[in-house]
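Novice: kindly return the folded structure for what I paste below:
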Amino acid sequence: MADFARLHTAQLAIDVLSVRRLRLLIISYLFPPMGGIGVQRAISLSKYLPRQGFSVHVLSAANAGGPVRDEALVEHIPASVTVHRAFTPEIPFALRHRLWSLFRSKNGGRAGGATKGSTSKSLLSRVAQRVLCPEPEVLWTPIALRAARRIIKKYAINAVMVTAPPFSAFMIGARLKRENPRLTFIADFRDEWLTFYINHNEFQNNPHARKRASEIEAETVDAADLVVAVNEFSLKEIRDRYPSQTPSKFQCVPNGFEPAAFAEFTRRKIDDGILRITHVGTLHGTATAQYFMKAFSSLPEQVKSRVKLRFVGRIIETEHRWLAEQSPNIELVGFVPQREAIRQMEDADILLMTMTDNLSMPGKFYEYLATGKPILALASPASVVSRTMEETHAGWCFDPHDTEGIRGLILEARTALSAWTPSQAAASYARPNLVELYGSLIIEAASATRITG
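Specialist: Below is the predicted model of the structure:
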């Protein structure tokens, strides 16, 4: 929070004329009508930067292999923003994951246990990982690069931002910067790659992809005029890998929430004696429900019968399989458009969030914060989630393995809720404010590029 305030003062030195001359191309593989958390940052930048005088263009994949669509998000894109699409030769997301499941060897190729079929599958998976290195979206990069060159020439673009993942898109920005040193290049890390993301992405978690990822990140950081991360933990992780780089190149702009989306939010209270706990967002490896469910399952039956659990969002197959077999009081809603997801939070008593990696801050946190409802977070005391929960007074945070602590909160939830005071920190994470900060950082980077380029 202190760093945010310090950086915010940089806006006082903005040269208005330089803003008007900034023509920015945002390269974002995912963009509406694709939905999910992966598009929110690009949407907010394209929506609010024009208010600061930026001329904004967006380049995305025409047939992006994203998991979900949300057509309503198109309404957030201003008419002044020009959206360009470049074809990608990838196969659709669902088919890609189905094929990857088939290719994997069930026994991982362990000695003494491999069959001829499983060995063939393992070989196919290794071939796929080598060809599509470091990730399948790498197929988009040469096509997107050609499209970006045309856009830059036609519209006299003087700043390019690449927001990732997919991280292979950084190669586009680094190449464009090498071709035109006077072009301002901003590398936007929505996730930390080499410590967090790659360790939890099965396709990338192999030595060959890791080596290539390290090369791409090093080239990106070296070429970039500005490197932005979404939390201070991730920023430090990236910055510490490149001690020879100028420290001021590395900055933090958190994710946030869209105020307009919560303008009609109603905090409904249903007085029927039922405790409603809602999770919104994808359930997957680092955001698993298993730790919460372990604590919940240990409760007396008469307590569990008075708790309604609701999971809204995409649920990966392994999570869905065992979750569907749990308590009959569990409601699996599945993915819904953002508007409906927010509505689903209106009658929740507690909003649930899990993150088992110390470097990652789930994007859902900021929307949770905007509701004014208490958050039950499961995260390590050494994590950015724990730190942020403490700073914002947004609810309760337990170590995922603290089954007794989680269980105790549920048992005493009525008492805890009666003493709850909504957090006052939400305004700091409103997207218009955050994008204003981001805009000032881009202007400063662009000014330095003109001087040294």
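Novice: what's the neighbour count on residue 286?
Specialist: Residue 286 has 16 neighbours, counted by other Cβ atoms under 10 Å. Every residue, glycine included, has its C-beta placed from N, CA and C.
Novice: show the pLDDT at it.
Specialist: Note for residue 286: predicted pLDDT of 92.
Novice: my read: it touches residue 357, true?
Specialist: Yes: using Cβ atoms under 8 Å, residue 286 is in contact with residue 357, at 4.8 Å.
Novice: just for the stretch 251-400 of the chain, where's the confidence low?
Specialist: For the stretch 251-400 of the chain, applying pLDDT under 70 flags the ranges 327.
Novice: show me where it has strands.
Specialist: Along the stretch 251-400 of the chain, counting by DSSP state E, counting those that start in this stretch, strands occupy 275-280, 307-312, 330-334, 350-354, 375-378, 395-398.
Novice: now render those strands as CSV, adding distance to residue 212 and mean neighbour count.
Specialist: CSV is the format used below for these (distance: least, Cβ to Cβ, whole Å; neighbours: other Cβ atoms under 10 Å):
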stretch, distance to residue 212, mean neighbour count
strand 275-280, 34, 22
strand 307-312, 35, 21
strand 330-334, 35, 15
strand 350-354, 30, 23
strand 375-378, 33, 24
strand 395-398, 36, 21
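Novice: any chance of the ones you listed in a markdown table with distance to residue 56 as columns?
Specialist: Shown next, in a markdown table, are those (distance: least, Cβ to Cβ, whole Å):
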| stretch | distance to residue 56 |
| --- | --- |
| strand 275-280 | 29 |
| strand 307-312 | 31 |
| strand 330-334 | 33 |
| strand 350-354 | 32 |
| strand 375-378 | 33 |
| strand 395-398 | 36 |
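Novice: report the rounded mean pLDDT for whichever strand or helix holds residue 447.
Specialist: Using DSSP states H and E, residue 447 sits in helix 431-452. Averaged across helix 431-452, pLDDT comes to 89.
Novice: who are the contact partners of residue 414?
Specialist: residue 275 (Cβ atoms under 8 Å, 6 or more residues apart in numbering).
Novice: redo that, cut-off 10 Å
Specialist: 273, 275, 306, 349 (Cβ atoms under 10 Å, 6 or more residues apart in numbering).
Novice: apart from its neighbours in sequence, what residue is nearest the first one?
Specialist: So that's residue 273. residue 306 (6.1 Å; Cβ to Cβ, 6 or more residues apart in numbering).
Novice: isn't that neighbour up against residue 277?
Specialist: No: contact criterion Cβ atoms under 10 Å: residue 306 and residue 277 do not qualify, at 11.4 Å.
Novice: overlap in contacts of the two?
Specialist: By the contact definition Cβ under 10 Å, 6+ apart, residue 306 and residue 277 are jointly contacted by 329, 413.
Novice: still on that earlier bit, show me what the helix holding residue 447 is packed against.
Specialist: On a contact count with 3 or more Cβ pairs under 10 Å, 6 or more residues apart in numbering; DSSP states H and E, helix 431-452 meets helix 2-8, helix 16-20, strand 23-27, helix 40-48, strand 159-164, strand 184-189, strand 226-229, strand 250-252.
Novice: ok, of the contacts of residue 414, which one's closest to residue 134?
Specialist: residue 349 (42.3 Å; Cβ to Cβ).
Novice: surely the closest one and residue 420 touch.
Specialist: Yes: using Cβ under 10 Å, residue 349 is in contact with residue 420, at 9.5 Å.
Novice: quick one on the thing from earlier: list the contacts for the residue nearest to residue 273?
Specialist: 272-275, 299, 329, 413-414.
Novice: got the phi and psi for it?
Specialist: phi -100, psi 20 (degrees, to the nearest 10).
Novice: domain assignment for this structure?
Specialist: Using automatic domain parsing, the domain ranges for the chain come out as 2-256+430-452, 259-429.
Novice: just how off-centre is the last one within its chain?
Specialist: Which is domain 259-429. For domain 259-429, the gap between its own C-alpha mean and the chain's C-alpha mean amounts to 18 Å (Cα atoms, centre = their mean, to the nearest Å).
Novice: again, but for the longest one
Specialist: Its chain's C-alpha centre lies 11 Å from the corresponding centre of domain 2-256+430-452 when counted by Cα atoms, centre = their mean.
Novice: quick one on the thing from earlier: switch the contacts of residue 414 over to CSV; also include distance to residue 91.
Specialist: CSV is the format used below for these (distance: Cβ to Cβ, whole Å):
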residue, distance to residue 91
273, 50
275, 43
306, 46
349, 42
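Novice: quick one: which of these is nearest residue 61?
Specialist: For those, the nearest to residue 61 is residue 349 (39.8 Å; Cβ to Cβ).
Novice: which non-adjacent residue is nearest that closest one?
Specialist: Per Cβ to Cβ, 6+ apart, closest to residue 349 is residue 276, 4.8 Å.
Novice: re earlier: now, the contacts of residue 306 that are in helices?
Specialist: 413-414 (DSSP state H).
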